[in-house]
Each structure stands twice: as structure tokens, then as C-alpha cells.
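Peer 1: Structure for this input, please:
(one chain, ligands or ions: 2)
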Amino acid sequence: MTLLAVNELSKYFGGVKAVDGVSFGVDHGEIVGLIGPNGAGKTTCFNLISGLLTPTRGSVSLLGHSLGGLAPYYRSRRGLARTFQNIQLFGGMDVLENVLTGCHQRQEIGAFRALWPGRGVRRAETRAEERARELLALVGLAERADFPADALAYGEQRRLEIARALAQEPRLLMLDEPAAGLNSRETEDLMTLLQELRERGITLLIIEHDMTLIMGLCHRVVVLDHGQVIAAGPPSEIRRDPRVIEAYLGREEDDGDL
Ligand SMILES: Nc1ncnc2c1ncn2[C@@H]1O[C@H](COP(=O)(O)OP(=O)(O)O)[C@@H](O)[C@H]1O
Ligand SMILES: [Mg+2]
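Peer 2: Residues are numbered from 1 along each chain as shown. Ligands and ions are numbered 1, 2, ... in the order given. Alright, predicted model coming up:
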């Protein structure tokens, strides 16, 4: 069953065709990799799918419903959550509070509290906090709940961002370079976590340069270059595809070797 459908999606910045007629689908339960050299248009695709950018043309739909014109918040209500290439946390807040900002339930409590303060609201808050603590345990940060987010090590911040995205209870979790800056041990732990998420029914779309992660986890890989899809298929085929090898080897600034 198709969860996400991206159809002829394009984004032009002046003369730069950052994303140029990109189409691909993600089925429910799949782990799909979105790869390509720096500047290929991967992050722009995520920004279009999550609603941070408006496409020049093309469409995105989730479970057959168009997301066109919907602001990011409403897309997240429909089941999309994402993390950012440059980690975006609330540095001054503690770790638990960061996860709570992802809870829709919690966001609604804020409004209800003003109108009907009372036991029902407190119960909902307790539930949200329990859930947030479960998610912290899942990503291995249970012991860090009371730390300020900006006191965490880099790899921990990446995992916190994933926990906050999971608090939105997404159907599709989109990760923009989750292994960037991680050492090989941390990358292995991340792969275990992502596998676990998939077993819990979360579909994953992952931008990543780490080919061990992409080849080890993904059912299917979509390759972008110059804003266009140049190849798509299972990892074993992608790594042998001459167009893909050329796209990577043709760029000296890129270290992503297949
Ligand atoms: N807000 C923007 N304004 C102008 N150009 C942009 C903007 N965002 C991205 N670009 C350009 O679009 C292209 C694709 O960028 P990006 O999607 O970040 O690539 P990737 O994530 O694959 O490295 C690049 O040439 C980049 O400079
Ligand atoms: Mg990027």
C-alpha cells in the first residue's frame, strides 16, 4: 500500500532547479533511502514533503490524500514527522521537555488548560510525560531526561531529535542525515534503533551519505542528482548502477563512496 506519493515535484530557486520533476513512492512498512551527492536536492525534497517549502509544481500525497497547501503542523497531524540535517532542538529546555513539544496531545492541553483547568488536564499531562519517558528509553536517553538539551553530546542530540519526532506518532518518519557526525559504534546503534522503529510499524524515508546504513537498512533506494531521479531500486542494484557511480565519482567534494 502506498503511504507517500511524490509526483513530478519541482522547486526552482531563481535559475537553480533544486528539485526537478521528482516522482517516487514509499509503501507502508518500507525503509526507503534518498541519496545523492551534495546539492542533489535531497533536503529540498524533504522541505517540500514536510510543507516548509511550496513546490514550483508537482504534488505530494499521503495515503491518497493530497497535502497541497497544508502547513507543516497539519502535515504532522496527518502522520509526517522529520528531523533536520542541522539538528534543531530547544537548547535551553531540558531533554524531556523537548520530547513533550512533539506530543500533539500536549499541544492541545495548553489550550484546554486555559478553559478547563482540572484533573482531566493533569491526567493527560501525566500520560504525555509517561509517553515521552518511554520514547527517551527507546532512544537510550532515559538517564538524560533532566539535562538541558544543549548539554548533550552530539550523537545524543541526534537521538533526542528522533524521540521528539516520534512523539508526534508519525506513520512516516523522515530523517535527514541521521548518521552525520556519528562514529561507527553510534551509527550501529542508530541502525538498530531504526530497525526497531520499523518493526513497530513506522515507515522510514532516510537521507544519508553513510552507505553502510543505506545498504544495510533500506529496501529501496532513490538516487537524486541535479534535482532529478537518476536511479531507483534495491540497494544491490543501485550500488552497481553506472549512472549512480558516475554521479558520485564525478564530484570531487563528495566523500560518499559506494
Ligand atoms: N533556500 C534556498 N535558496 C536558494 N537555493 C537553495 C535553497 N535551498 C537549497 N538551494 C539550492 O538547491 C540545491 C539543492 O540543495 P539541497 O536540497 O540542500 O541539496 P542536498 O540536501 O541534496 O545536499 C543546491 O544547489 C542548493 O544550493
Ligand atoms: Mg541536505
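Peer 1: could you say which helix or strand contains A128?
Peer 2: Following DSSP states H and E, one finds A128 within helix 119-138.
Peer 1: That helix packs against which elements?
Peer 2: Identification of packing neighbours for helix 119-138 by 3 or more Cβ pairs under 8 Å, 6 or more residues apart in numbering; DSSP states H and E yields helix 95-100, helix 104-115, helix 154-166. All C-beta spots, glycine's among them, are computed from the backbone N, C-alpha and C.
Peer 1: Now do stretch 184-199, average pLDDT.
Peer 2: Stretch 184-199 carries an average pLDDT of 95.
Peer 1: what sits up against it?
Peer 2: Outside stretch 184-199, the residues that touch it by Cβ atoms under 8 Å, 6 or more residues apart in numbering are 29, 31, 138-140, 155, 158-159, 162, 166, 173, 175, 178-179, 182, 204, 206, 210, 212-213, 216-217.
Peer 1: Can you give the distance of that stretch from its chain's centre?
Peer 2: 14 Å (Cα atoms, centre = their mean, to the nearest Å).
Peer 1: Contact residues of this protein facing ligand 1?
Peer 2: Counting by Cβ under 6 Å from any ligand atom, the chain comes close to ligand 1 at F13, V16, A18, G36, N38, G39, A40, G41, K42, T43, T44.
Peer 1: which parts of stretch 2-21 are buried?
Peer 2: Across stretch 2-21, burial judged by 16 or more other Cβ atoms under 10 Å covers L3, L4, A5, V6, L9, S10, K11, K17, A18, V19, D20.
Peer 1: Switch these over to TSV; also include secondary structure and pLDDT.
Peer 2: Below are the buried residues of stretch 2-21 laid out as TSV (DSSP: H, G, I helix; E, B strand; the rest coil; pLDDT from 0 to 100):
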residue	secondary structure	pLDDT
L3	strand	98
L4	strand	98
A5	strand	98
V6	strand	98
L9	strand	98
S10	strand	98
K11	strand	98
K17	strand	98
A18	strand	98
V19	strand	98
D20	strand	98
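Peer 1: Which residue lies nearest the spatial centre of this protein?
Peer 2: What sits nearest the mean C-alpha location of the chain, by Cα atoms, centre = their mean, is M174, with 2.1 Å.
Peer 1: Neighbours of the residue nearest to it when sequence neighbours are not counted, how many?
Peer 2: Once flanking residues are discounted, M174 sits nearest to R82: 4.0 Å by Cβ to Cβ, 6 or more residues apart in numbering. Neighbourhood size, R82 [other Cβ atoms under 10 Å]: 24.
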